[in-house]
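K.L.:
What follows is a predicted protein model with its sequence.
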Amino acid sequence: MRTADHMNLSRYIMDHMDAGASKLKKAAFIFGSIEPDINMLTYFRGSIHGEEKLRGHNYENVQKYMEKLTNKLTKKLEKGGMGTIRQSFLLGKLVHYVADSFTYPHNSIFPGNLREHCQYETELHDYVNKTISSVGVNMESIDDGRDIVEYLREMHDRYVSEALGCENDYRHITHAISVVTERFWQTESVSVPSMRDVVIAYKEHIPVTANASMAAAGKTGMESTGVA
């Protein structure tokens, strides 16, 4: 997916998720959802293990990281610690990788090259813009007792067995990211976000080369940066 599509979907979710959440917390989520695209190091994930270079957002290369991040957020949720700026940022990152997992070119079954990857994402970009404007995103959830890692794994198995294309991508992307967000989004433990939370999130998880701010993530009209 293009960066602009990640942002538009995360903004849509935040607009319909929780009217009582702070703007900074929502901005942290939105920035997290685009951070992997502006962090060039993420594209090398899997390369040191002999995988194809610059395919760090592909499902096969990012699956273990997604599961690790999901388990980390699950532990935070169980301890009641999902209401912070830092956790909102991490949830946004997870949503980014989940969305990419259900994007055809980010799977090993995609037969095309980089040029065809870009062409497909242009088509998907147009489809996302058209569909989110006319249909939107159905915010869905699953039973709290259901293991979300296993659920996403089974969902991906079904995804690759179906007719691949923009419609299939959008349907699975929107379902998956809404399920993930519904599972982990909390605001109860936050009243006024502390600057300490913001600084910790920035230092630990945002690369110094990323010339963007969480506040900027809350703005519309961001131009695409190309391949997600």
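P.N.:
All right, it came through fine.
K.L.:
Correct me if wrong: His125 contacts Thr3.
P.N.:
No - between His125 and Thr3 there is no contact under C-beta atoms under 8 Å: 10.0 Å. Placement of C-beta: from N, CA and C, glycine included.
K.L.:
of these two, who's got more company?
P.N.:
Thr3 (21 against 18; other C-beta atoms under 10 Å).
K.L.:
what about this protein, any weak spots by pLDDT?
P.N.:
For the chain, applying pLDDT under 70 flags the ranges 18-20, 40, 42-57, 81, 187-228.
K.L.:
can we see that at 50?
P.N.:
Along the chain, segments meeting pLDDT under 50 span 47-50, 53-54, 188-193, 207-216, 218-228.
K.L.:
quick one, strands of it?
P.N.:
Ranges of strands in the chain, per DSSP state E: none exist.
K.L.:
Look up how far Leu77 lies from the residue nearest the centre of the chain.
P.N.:
Centroid-nearest residue in the chain, with C-alpha atoms, centre = their mean: His96, separated by 1.6 Å. Going from His96 to Leu77 by C-beta to C-beta, to the nearest Å gives 19 Å.
K.L.:
Nearest spatial neighbour of Val98, chain-adjacent residues omitted?
P.N.:
Of all residues not flanking Val98 in the chain, Ala176 sits nearest, at 5.0 Å (C-beta to C-beta, 6 or more residues apart in numbering).
K.L.:
Then Met14?
P.N.:
Nearest non-adjacent residue to Met14 (C-beta to C-beta, 6+ apart): Lys26, at 4.4 Å.
K.L.:
For Gln63, which residues are in contact?
P.N.:
Ser101 (C-beta atoms under 8 Å, 6 or more residues apart in numbering).
K.L.:
mind checking how far it is from Asp5?
P.N.:
For Gln63, the distance to Asp5 - C-beta to C-beta - is 21 Å.
K.L.:
Leu114 too?
P.N.:
18 Å.
K.L.:
Name the residue in those two with the higher neighbour count.
P.N.:
Per other C-beta under 10 Å, whichever of Leu114 and Asp5 has more neighbours is Asp5, with 24 against 11.
K.L.:
Surely the more buried one is in contact with Thr122?
P.N.:
No - using C-beta under 8 Å, Asp5 makes no contact with Thr122, being 10.7 Å away.
K.L.:
Now the common contact residues for those two.
P.N.:
Counting by C-beta under 8 Å, 6+ apart, nothing touches both Asp5 and Thr122.
K.L.:
Just the CA atoms of stretch 85-96, as PDB, please.
P.N.:
Extracted C-alpha coordinates of stretch 85-96, given in PDB (Å, rounded to 0.1, in the frame of the first residue of the first chain):
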ATOM      1  CA  ILE A  85       0.900   7.500  23.700                       C
ATOM      2  CA  ARG A  86       3.700   4.900  23.300                       C
ATOM      3  CA  GLN A  87       1.300   2.000  23.000                       C
ATOM      4  CA  SER A  88      -0.900   3.900  20.500                       C
ATOM      5  CA  PHE A  89       2.200   4.400  18.300                       C
ATOM      6  CA  LEU A  90       3.100   0.700  18.500                       C
ATOM      7  CA  LEU A  91      -0.500  -0.200  17.600                       C
ATOM      8  CA  GLY A  92      -0.300   2.000  14.600                       C
ATOM      9  CA  LYS A  93       2.900   0.200  13.500                       C
ATOM     10  CA  LEU A  94       1.200  -3.100  13.900                       C
ATOM     11  CA  VAL A  95      -1.700  -1.900  11.800                       C
ATOM     12  CA  HIS A  96       0.700  -0.900   9.000                       C
END
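K.L.:
which ones are touching the nearest residue to Trp185 once chain neighbours are set aside?
P.N.:
Nearest residue to Trp185, sequence neighbours excluded (C-beta to C-beta, 6+ apart): Met17, at 6.0 Å. Neighbour list for Met17: 139, 181, 185 [criterion: C-beta under 8 Å, 6+ apart].
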